[in-house]
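Peer 1: The following block contains a protein sequence and its predicted model.
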Amino acid sequence: MLALCNGVAYADAFDKGFAAYKLGNYAEASKIFNSLAAKGNISAQFNLGLMYYNGQGVPKDYKNAAKWYRMAAEQGNAKAQYNLGFMYDTGLGVKQDYQEAVKWYRLAAVQGNAAAQSNLGLMYYKGLGVTQDHQEAVMWYRQSAAQGNALAQSNLGMMYYKGEGVAQDYVRAHMWLNLAAAKGASLAPENRDKLAQSMTPAQIAEAQELARVCERRFYKRCD
């Protein structure tokens, strides 16, 4: 019963911290999260890392952000794993290390984190921290794209466009680029329109219909 009471107490404290954060009382939130994080609370560790990253209630400090992300990541928090991977990828708060970035992206990706899947695909595409493998890149882009990640949809479209890691298919390329453009991916409209210049009207019409069907399926079973 003592452990259960402690768990309830921690939950109540976290809720108070989260409520303070939502109200913009970052100083109070960081104080509560810091106390809980030091006791091993995963959510508090993640949130404290986020607050150090953004400079909310505490001075902006990427090293401290990485420290708290790491503690949550080592306990299996997928968002913390992704964020820590991103910090290794970009060299924020830690020495840039693509192999470490891949390690943490992969741990988050296998838990279904769409952003991690997309970034892991990019690492395979560029050969950063891993042996370059376009088929592996397509696999991770596809998983992320199926969750609605616009960047992954755009990148998957370009893989079909260029025939990298997958058979070249202008119709599928246009479909994914069109979906990505609708979600605001920056280069997708330009690449889609450039691709369309090499397509017949019938191919474009087919791609547009596939995009509509894919959207209705919430991006599942589109490929």
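Peer 2: Structure received.
Peer 1: C-terminal to the helix or strand of the chain with the lowest mean pLDDT, what's the next element?
Peer 2: Sorting the helices and strands of the chain by mean pLDDT, DSSP states H and E puts helix 2-22 at the bottom, at a mean of 71. Going down the chain from helix 2-22, the next helix or strand is helix 26-38, by DSSP states H and E.
Peer 1: Kindly provide the whole-number mean pLDDT of that following helix.
Peer 2: Mean pLDDT, helix 26-38: 97.
Peer 1: Can you spell out which helices and strands pack onto it?
Peer 2: With contacts defined as 3 or more C-beta pairs under 8 Å, 6 or more residues apart in numbering; DSSP states H and E, helix 26-38 has these neighbours: helix 2-22, helix 42-54. C-betas here are computed from N, CA, C, even on glycine.
Peer 1: okay, those helices, which one's buried deepest?
Peer 2: Ranked by mean neighbour count, those are led by helix 42-54 with a mean of 23 (mean count of other C-beta atoms under 10 Å).
Peer 1: Next, the buried residues of whichever helix or strand comes after it.
Peer 2: As assigned by DSSP H and E, the chain's next helix or strand after helix 42-54 is helix 62-73. Neighbour-count burial for helix 62-73, counted by 16 or more other C-beta atoms under 10 Å, picks out 62, 64-73.
Peer 1: same check, this time on stretch 161-181
Peer 2: 161, 165-166, 169-181.
Peer 1: quick one on the thing from earlier: out of the helices and strands packed on helix 26-38, which gets nearest to Tyr124?
Peer 2: For Tyr124, the closest of the helices and strands packed on helix 26-38 is helix 42-54, at 25.9 Å, according to C-beta to C-beta.
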